[in-house]
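Q: coords please:
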Amino acid sequence: MKKNTRILLVIIFGILFLYLFNNYSDYNLKRTIQACILAQKNTSSSFNIEETKKFCENEIRKKID
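A: Presented below is the predicted three-dimensional model:
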C-alpha cells in the first residue's frame, strides 16, 4: 500500500512540475527578448525598435532550437 502511494505521489509531483515548467517557459522567453532589446539599445548608435525586436527574436529562437 505504501509503495503504491509513493508511486502515485511521484507521478502527481511530476505532472505538476511539467505543467509549471511549460507555463513559465514563455515568460522566460519574453524576458530574454526584452533583455536583448535593452542591450541592443544601449550599444547601438542607430536604434530601430522593430528591427531590433525581430533580430533578437530570431537569434534567441536559433539558440533554443
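Q: C-alpha only now, for contacts and for neighbours.
A: Noted.
Q: biggest helix in this protein by residues?
A: Secondary structure of the chain read by DSSP state H shows that its longest helix is helix 2-43.
Q: That one - what's its average pLDDT?
A: Across helix 2-43, pLDDT averages out at 86.
Q: how many other residues sit next to residue 40?
A: 19 (other CA atoms under 10 Å).
Q: Run a quick check on it versus residue 54, I expect a contact.
A: No. Applying CA atoms under 8 Å, one finds residue 40 not in contact with residue 54, separated by 11.8 Å.
Q: nearest spatial neighbour of residue 52, skipping sequence neighbours?
A: residue 37 (6.2 Å; CA to CA, 6 or more residues apart in numbering).
Q: residue contacts, the one you found?
A: Going by CA atoms under 8 Å, 6 or more residues apart in numbering, residue 37 touches 49, 52, 53, 56.
Q: okay, the last one: pLDDT?
A: With respect to pLDDT, residue 56 scores 92.
Q: Tell me which residues touch it, please.
A: 33, 36, 37.
Q: just the third one next, same as before
A: If a contact means CA under 8 Å, 6+ apart, then residue 53 has 33, 37 as its contacts.
Q: Return the alpha-carbon coordinates of the helix or strand harbouring it using PDB.
A: Here residue 53, judged by DSSP states H and E, is contained in helix 49-64. The C-alpha trace of helix 49-64 is given here as PDB (Å, rounded to 0.1, in the frame of the first residue of the first chain):
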ATOM      1  CA  ILE A  49      12.800  49.100 -32.100                       C
ATOM      2  CA  GLU A  50      11.100  46.900 -34.800                       C
ATOM      3  CA  GLU A  51      14.300  45.700 -36.400                       C
ATOM      4  CA  THR A  52      15.900  45.100 -33.100                       C
ATOM      5  CA  LYS A  53      12.900  43.100 -31.800                       C
ATOM      6  CA  LYS A  54      13.000  40.900 -35.000                       C
ATOM      7  CA  PHE A  55      16.700  40.400 -34.700                       C
ATOM      8  CA  CYS A  56      16.500  39.400 -31.000                       C
ATOM      9  CA  GLU A  57      13.600  37.000 -31.600                       C
ATOM     10  CA  ASN A  58      15.500  35.300 -34.400                       C
ATOM     11  CA  GLU A  59      18.700  35.000 -32.600                       C
ATOM     12  CA  ILE A  60      17.100  33.600 -29.400                       C
ATOM     13  CA  ARG A  61      15.000  31.200 -31.200                       C
ATOM     14  CA  LYS A  62      18.000  29.900 -33.100                       C
ATOM     15  CA  LYS A  63      19.800  29.200 -29.800                       C
ATOM     16  CA  ILE A  64      16.700  27.500 -28.400                       C
END
